[in-house]
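Engineer: when you get a sec, could you give me coordinates for this:
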Amino acid sequence: MADKDSGEKKLGVGSKTLSLKPRIETGVVRQSFSHGRSKQVVVEKKTKRRVAGEPAPVVEAAPAPAAKEAPKAAPAKAPAKSPRGGVVLRTLTDDEQSARASALADAKVREEEERRVAEAEAARRNTKEYKEQQERDAAEARRKAEEERHRADEEAKAKAEREAKKRFGDGEAKSATVTPLRPGRAVAAEADEDDGPRQVRRGPGGVLRPAAAPKTTHKPGPAKERGRLTISTALNADDVRERSIASFRRRTQRLKGHASNEPKEKLIREVTIPEAITIQELANRMAERAVDVIRLLMKQGQMVKITDVIDADTAQLIAEEMGHTVKRVAASDVEEGLFDVADDHAADTTPRAPVVTVMGHVDHGKTSLLDALRHANVVSGEAGGITQHIGAYQVTSPESGKKITFIDTPGHAAFTAMRARGAKVTDIVILVVAADDGVMPQTIEAINHAKAAKVPMIVAINKIDKPDAKPERVRTELLQHEVQVESFGGDVVDVEVSAKNKTNLDKLLEMIALQADLLELKTNPDRPAEGTVIEAKLDRGRGPVATVLVQRGTLKIGDIIVAGAEMGRVRALINDQGEAVEEAGPSVPVEVLGFNGPPEAGDRLAVVDSEARAREVTSYRAHQKREKLSASTGMRGSLEQMMSQLKTTGRKDFPLIVKADVQGSLEAILGSLEKLGTDEVAARVLHAGVGGISESDVTLAEGFNAAIIGFSVRANKEAAATAKRNGIEIRYYNIIYDLVDDVKKAMSGLLAPTLRETMLGNAQILEVFNISKVGKIAGCRVTDGTVERGANVRLIRDNVVVHEGKLSTLKRFKDEVKEVQSGQECGMAFENYQDMRVGDVIECYRVETIQRSL
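Structural biologist: A predicted model of the protein is given here:
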């Protein structure tokens, strides 16, 4: 058994077994270098290991395809023999069989690939030969055509010579020969130099007079070769290169163009002209040369360049003078079709919820009344218990089940713009008046807003649960402002309610529903949405957030929206309960996320078709906003202009940076600060925005030495550290009254103080003493009042003030005294003044500095 195993391991006769050692043949080669240097290098040659009994590979000079077919005819292996002379038969394993099958498959794939490559190469070679044959045939055809033309020209030339001989004789034949136009030939043949002088027949007598030969202007030399350089012409370089057919055609067209002086028909175009246009752009739109446009302007006395901008009127005159029609457009045309578009299906309208705005004086219970209707408690979360933001809520009436949209407005004087916005978007106004307080200034303002908006009004007399409530007094005071309630024979509905005890709230909702039914509020919900931005803010986690009241159509997630100078795509819609919704129909207030920046409160919102249209509208509005800001505030002036303005007006600026939580509060703060300004001092707002205080705000404040005011916002950690390090003051406020009062006090410090004189007394000089090392001392008697040391004095001589100064010395007898009473005598000396005479009167007074306030 051992002999059998050892025999299976041996592959040839003898005791030599298989080995993994590579067969390496070594040799030594000498390398020679420059300067007689040499080096011996050991070279190793590895040979392929062969199995015993396998013949050595034969290297043949055969082509590559034949060499690759060798694996097909591989010689069969000789059977291995055992040391004892027997033949050992071995069966192929599964792995060897699969390897052999995969090798055969690979060989077939390679053969197929080589065959495909050979066929592609043969096709490419045939195509190339076909193209070359076509080019040779075309060149031969061109050569034959050229020979035919040349032969025709020779015949025409001979014919012309024969005709010339018949007309003028042999002497003038060659000079009068004219050759026809053809490529590569001259228009007229030149006269030979050997010919005699040309005779010209002059006059009726037939007298012939010799004429001088024409002078040649061209320099003698070989003729210039013309024509297109192709492969055939390059190979036949000895042949004469003639003018190409294309060149001949161009020359013919050029000659025809110069010969025909007929003016071309002018194209009349409709030129669109904006408010301002450059000369180059105007010329391009008219398809005219800019030089002609500049020539017209120069005739009118304007020296302009091609890049200068002209106004629309001048551009219209130029276009009409050149025969074109003009279509004038304005930059504001981009807003056409954005709002108030008529519905395509006017009949597809459905009833919508009424929008009710609650207005009234501060602390008359507007928010408490809404809380009672909504079963909420908004008042507890407000700073100081007063509303400083505008809010929008939706309430379902318990009796009818219909929804009512309420808009809550602030009541105090600073938020006039918010009340005006609420009145613009509303259908019904509820005027809340406290029964114990009566009609107040903001109540009157709310009445005026309602009248301006031309909306119906419902008077809610609140706080009737108080012991000192007098509803009749409220009705009587409303008559002074042309508001006549139904109980007094008018048409204004009034309801006595109590938000605290929830009295008559159902009656108030019933009156609102009745008024809404009379208005017949309907709209089409299947059209693109339009609305109004009620409030806007910059949320740190969510970005710009706008509270929008949808007025027409339906606002959906994914819509491209435009509001003022900001655009965006709706990412999320959140209702007044804090729930995310997919869409918002008419009269529904929602928070919209997805704006690029916070829009202005009061801006109208619209849905547009594409982002390109949105960018066009917002870029125009941003440009208008910048121009308006620079024109109103003048903040873009240089430092020199600011200093000159300070010298001429004497007005001091109080620099401020204002950051607020929402756009409406910011608007109210800026309006209040603007009202604080006087002719001497004014608040100059360097930057106003919505959101927290950032490092850029602190850097700006440091450059202008300004104070930073944060209303319901805070500075981030980095901004607070930077402000503390640079000594920048940041003031935080939650109530607008405190903010306005502090700014007023700070601005009062910039006012120049008022100087007021207080008369102390008079003294008369009786004698003047001259004391060495001291100077002149006036001996005086106090006639009235008192004289104090260090007080201001005037020296009056003959009722004329000759000196104003201060007392340096006040003595009685030999002692320095603080003051001298009336009727007593004393000695006085002035600071830096010695010209005192007997009889002069000394007037003593005190100057008091009084600080002014706004």
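Engineer: which other helices and strands contact the longest helix seen in the chain?
Structural biologist: Residue-count comparison of every helix in the chain, with assignments taken from DSSP state H, identifies helix 94-168 as the longest. Using 3 or more CB pairs under 8 Å, 6 or more residues apart in numbering; DSSP states H and E as the contact criterion, the elements in contact with helix 94-168 are helix 64-68, helix 231-235. To be clear about C-beta, it is placed using only N, CA and C from the backbone, and glycine gets the same treatment.
Engineer: by mean pLDDT, show me the worst of those.
Structural biologist: By mean pLDDT, the lowest-scoring of the helices and strands packed on helix 94-168 turns out to be helix 64-68, with a mean of 40.
Engineer: what about the strands in the stretch 551-700 of the chain?
Structural biologist: Secondary structure of the stretch 551-700 of the chain (DSSP state E, counting those that start in this stretch): strands located at 555-556, 560-563, 566-574, 580-581, 583-584, 589-595, 604-608, 652-660, 681-690.
Engineer: mind listing what the second one pairs with, with the direction of each?
Structural biologist: In other words, strand 560-563. Listed by DSSP bridges, the sheet partners of strand 560-563 and their directions read strand 566-574 (antiparallel), strand 604-608 (antiparallel).
Engineer: could you give me the average pLDDT of the longest one?
Structural biologist: The reference is to strand 566-574. Per-residue scores along strand 566-574 average to 92.
Engineer: which other residues reach that strand?
Structural biologist: Surrounding strand 566-574, the residues in contact under the criterion CB atoms under 8 Å, 6 or more residues apart in numbering are 544, 555-561, 580-584, 590-599, 603, 611, 614-615, 617-618.
Engineer: out of those, which end up buried?
Structural biologist: Buried residues within the contacts of strand 566-574, counting neighbours by 16 or more other CB atoms under 10 Å: 544, 555, 557, 559-561, 581, 583-584, 590-595, 597-599, 603, 614, 617-618.
Engineer: for residue 137, which of the strands paired with strand 560-563 is the nearest?
Structural biologist: Taking CB to CB as the criterion, residue 137 comes closest to strand 604-608 out of those, the separation being 64.1 Å.
Engineer: just confirm residue 447 contacts residue 483, I think it does.
Structural biologist: Yes. Residue 447 sits in contact with residue 483 when judged by CB atoms under 8 Å, with a separation of 6.1 Å.
Engineer: need the overlap of contacts for the two.
Structural biologist: A shared contact of residue 447 and residue 483, defined by CB under 8 Å, 6+ apart, is any residue touching both; here these are 431, 457.
Engineer: endpoints of stretch 693-710, how far apart?
Structural biologist: Across its full length, stretch 693-710 reaches 7 Å between end residues, using CA to CA, to the nearest Å.
Engineer: what mean pLDDT does that stretch get?
Structural biologist: 88.
Engineer: for it, buried residues please.
Structural biologist: If you call a residue buried by 16+ other CB under 10 Å, then stretch 693-710 has these buried ones: 693-694, 697-698, 700-701, 706-710.
Engineer: so which of those is the closest to residue 134?
Structural biologist: For residue 134, the closest of the buried residues of stretch 693-710 turns out to be residue 694, at 75.8 Å, with distances computed as CB to CB.
Engineer: excluding chain neighbours, what is closest to that closest one?
Structural biologist: Using CB to CB, 6 or more residues apart in numbering and skipping the chain neighbours, the partner closest in space to residue 694 is residue 719 (5.5 Å).
Engineer: can you find the helix or strand of the chain with the lowest average pLDDT?
Structural biologist: Of all helical and strand segments in the chain, the minimum by mean pLDDT, DSSP states H and E falls on helix 64-68, at a mean of 40.
Engineer: distance of the most centrally placed residue in the chain from residue 774?
Structural biologist: The geometric centre of the chain, computed from its C-alpha atoms, lies nearest to residue 619 (CA atoms, centre = their mean), at 6.7 Å. Counting by CB to CB, to the nearest Å, the gap from residue 619 to residue 774 is 82 Å.
Engineer: next one: residue 676
Structural biologist: For residue 676, the distance to residue 774 (CB to CB) stands at 55 Å.
Engineer: more crowded one of these two?
Structural biologist: Taking neighbours as other CB atoms under 10 Å, residue 676 and residue 774 compare with residue 676 leading, 16 against 11.
Engineer: can I assume that one is in contact with residue 741?
Structural biologist: No. Proximity of residue 676 to residue 741 does not meet the contact threshold set by CB under 8 Å, at 10.2 Å.
Engineer: if we can go back for a sec, pLDDT score for the residue nearest to the centre of the chain?
Structural biologist: 88.
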